[in-house]
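K.L.:
Fold the following, please.
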Amino acid sequence: MPAVLAALPPARAEEFRAEFFAGAERMHAECGIELDFGATLHVADLP
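P.N.:
Model prediction:
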């Protein structure tokens, strides 16, 4: 699990994961995205 999600309380991390994949499924249904592997999330910090 990415460190950002690991920092969330367990219930919130699961809620984020569920909402992320539900959104990805909606985009897929609208021919806007194709996920055939686990997604990788990247977080950028300003210097």
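
K.L.:
pLDDT on the strand or helix carrying residue 24, on average?
P.N.:
Assigned by DSSP states H and E, residue 24 falls within helix 10-29. Averaging pLDDT along helix 10-29 gives 87.

K.L.:
That helix - contacts with which helices or strands?
P.N.:
With contacts defined as 3 or more CB pairs under 8 Å, 6 or more residues apart in numbering; DSSP states H and E, helix 10-29 has these neighbours: helix 3-6. (C-beta placed from N, C-alpha, C; glycine too.)

K.L.:
Flag every buried residue along the helix holding residue 24.
P.N.:
Residues of helix 10-29 classed as buried by neighbour count (16 or more other CB atoms under 10 Å): residue 13.

K.L.:
tell me how far it is from the chain's mean position?
P.N.:
In terms of CA atoms, centre = their mean, to the nearest Å, the centre of helix 10-29 is set 6 Å apart from its chain centre.

K.L.:
can you check stretch 8-28 too?
P.N.:
Distance of stretch 8-28 from its chain centroid, counting by CA atoms, centre = their mean, is 6 Å.

K.L.:
Quick check: the spatially most central residue of the chain vs residue 46, distance?
P.N.:
Nearest to the geometric centre of the chain sits residue 20, at 4.3 Å (CA atoms, centre = their mean). Shown here: residue 20 relative to residue 46, a distance of 23 Å by CB to CB, to the nearest Å.
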